[in-house]
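Asks: take a look and give me a structure for this.
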Amino acid sequence: MNRKARSTWCVAAVVPALAGLFVCAVRAADAPKQSLFAYRSFWPEFAAMRQFKEAGVDTVCIFPANTANSLGQPYSKYPPVWRWFGKVDFDSLNRQFDDVLAVNPDADFICMIDLNTPIWLQRQLALGGHSAECESFTMLSCVCANPAWRKATAEYLEAVVKHMEQRYGDRVKACLLACGQTDEWMDYSRGVAGRAKAQAWRAWRQAHGKPEAPLPALERLDRASFDNLIRDPATEQDVVDYAQFTGDLIADTALELAAKTRTLVPKHRQIGMFFGYIIELTNARMVWAGHLEYERLYSSADFDFFISPGTLFREDAPRRPAALRIQVPDSRHGAV
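Replies: Modelled structure (predicted):
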């Protein structure tokens, strides 16, 4: 594999497998440009890792997960890493690196960092009065409005990144921040709000020079004035504003976490996320999933790459994934 590829657009084929196997490419933001071609699995599939090693692929993408997937099954076969406030199971984290190194001593890593809410944290936030804003997998914009969630999540992120830097150093080529629905920063709350999100809405309107307004009723979010497709700014501007506000909550949180990560790693360490699913998100998801604020993220100096699907479906097998597109900001000035 040529590790000096200079294309700013890289395409990776998705291999459908229960474990979430795929290969991806990443280009560094700084010269010399570096291309990483990685094998990824959420599970310890050592035979496959050996095959990729024999094929010359030494970069492995791992996912030390604390949460369950959309089927309710644990993402990882290893014990959860995030056990409690301030308590991280570094032995479990180390095993996920060391088991790969036992198979391939030359391996380096792209590490997905699971920022979704473990079940224990959901319970603690709910008991603290945040029952509507305690779960990030489906209710991403809600937890992004919750300062208690953001604080706990940022502290966990810091602990994991510091440990990886100290123990594995330059073996870690990139940190891939994972949160939201299927860890792809999608929000499925569909406009639902609790107390913290309502307070954030008022603050957002004030910051944008807009008069105070109540949260739009949920039934208004599911219809539009013109052919149930286009909103009338004369009567529905608050709904348009609310959609932008929910996207801003997610973008602000991602930027905050990326900025924290950037302070913890050397300049050449890459930071990325799954984002910008503009082609794939259809109907109500286009507006409410939170990906429309992509320009703010693409212009950030703290992100080096974004992963999004060209399409998740193929004509010959509609239920099988087809391709991922790796988007790299050009010189971190927002162009891709």
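Asks: alpha carbons only for contacts and neighbour counts from here, please
Replies: Noted.
Asks: got a list of what the nearest residue to Ala178 once chain neighbours are set aside touches?
Replies: Residue nearest to Ala178 in three dimensions, not counting chain neighbours: Asp114, with 5.1 Å by CA to CA, 6 or more residues apart in numbering. Taking CA atoms under 8 Å, 6 or more residues apart in numbering as the criterion, Asp114 is in contact with 63-67, 177-179, 183.
Asks: could you do Asp232 as well?
Replies: 224-226 are the contacts of Asp232 under CA under 8 Å, 6+ apart.
Asks: if we go to 7 Å?
Replies: Ser225 (CA atoms under 7 Å, 6 or more residues apart in numbering).
Asks: of all the contacts of Asp114, which comes closest to Ala207?
Replies: Nearest to Ala207 out of the contacts of Asp114 is Cys179 (CA to CA; 26.3 Å).
Asks: thinking again about what came up before, do you know how far the residue nearest to Ala178 is from Gly72?
Replies: Counting by CA to CA, to the nearest Å, the separation of Asp114 from Gly72 is 15 Å.
Asks: any idea how far Gly169 is from Pro233?
Replies: Counting by CA to CA - Pro233 and Gly169 are separated by 52 Å.
Asks: what about those two, which has more around it?
Replies: Gly169 (16 against 12; other CA atoms under 10 Å).
Asks: all helices of the stretch 201-336 of the chain, in order?
Replies: 218-221, 233-264, 284-288, 294-298 (DSSP state H, counting those that start in this stretch).
Asks: list the buried residues for the longest one?
Replies: By 16 or more other CA atoms under 10 Å, the buried positions in helix 233-264 come out as 236, 238-239, 241-255, 257-262.
Asks: how close does Lys87 sit to Ala152?
Replies: 11 Å.
Asks: of the two, give the one with the bigger neighbour count.
Replies: Ala152 (16 against 11).
Asks: helix, strand, or coil at the more buried one?
Replies: helix (DSSP: H, G, I helix; E, B strand; the rest coil).
Asks: separation between Glu256 and Cys144?
Replies: Counting by CA to CA, the gap between Glu256 and Cys144 amounts to 11 Å.
Asks: any weak-confidence spans in the stretch 201-336 of the chain?
Replies: 311-336 (pLDDT under 70).
Asks: go again with 90.
Replies: 222-224, 226-229, 277-286, 308-336 (pLDDT under 90).
Asks: run the chain-centre distance for stretch 66-78.
Replies: On the basis of CA atoms, centre = their mean, to the nearest Å, stretch 66-78 is displaced by 16 Å from the centre of the chain it belongs to.
Asks: list the buried residues of it.
Replies: Buried-residue list, stretch 66-78, by 16+ other CA under 10 Å: 66-68, 74-76, 78.
Asks: return it as PDB; C-alpha atoms alone will do.
Replies: The C-alpha trace of stretch 66-78 is given here as PDB (Å, rounded to 0.1, in the frame of the first residue of the first chain):
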ATOM      1  CA  ASN A  66     -18.700   0.800  26.600                       C
ATOM      2  CA  THR A  67     -22.100   0.700  25.000                       C
ATOM      3  CA  ALA A  68     -24.500  -1.400  22.900                       C
ATOM      4  CA  ASN A  69     -25.400  -1.100  19.200                       C
ATOM      5  CA  SER A  70     -28.800  -0.400  17.600                       C
ATOM      6  CA  LEU A  71     -29.700  -4.100  18.200                       C
ATOM      7  CA  GLY A  72     -29.000  -3.800  21.900                       C
ATOM      8  CA  GLN A  73     -25.900  -6.000  21.600                       C
ATOM      9  CA  PRO A  74     -22.500  -5.000  23.100                       C
ATOM     10  CA  TYR A  75     -20.200  -3.400  20.500                       C
ATOM     11  CA  SER A  76     -17.200  -5.100  22.100                       C
ATOM     12  CA  LYS A  77     -16.400  -8.500  23.500                       C
ATOM     13  CA  TYR A  78     -14.000  -6.900  25.900                       C
END
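Asks: can you list the neighbours in contact with that stretch?
Replies: With contact meaning CA under 7 Å, 6+ apart, stretch 66-78 is reached by 42-43, 64-65, 80-82, 92, 114, 116, 118, 182.
Asks: what do you get if the cut-off is 8 Å, keeping everything else the same?
Replies: With CA under 8 Å, 6+ apart as the test, stretch 66-78 has contacts from 42-44, 63-65, 79-82, 92, 96, 114, 116-119, 181-182.
Asks: where exactly do the strands run in the stretch 101-250 of the chain?
Replies: Along the stretch 101-250 of the chain, counting by DSSP state E, counting those that start in this stretch, strands occupy 108-114, 172-178.
Asks: export those strands as a markdown table, with columns for mean pLDDT and distance to Tyr298.
Replies: Listed next are these as a markdown table, based on pLDDT from 0 to 100; distance: least, CA to CA, whole Å:
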| stretch | mean pLDDT | distance to Tyr298 |
| --- | --- | --- |
| strand 108-114 | 97 | 19 |
| strand 172-178 | 97 | 15 |
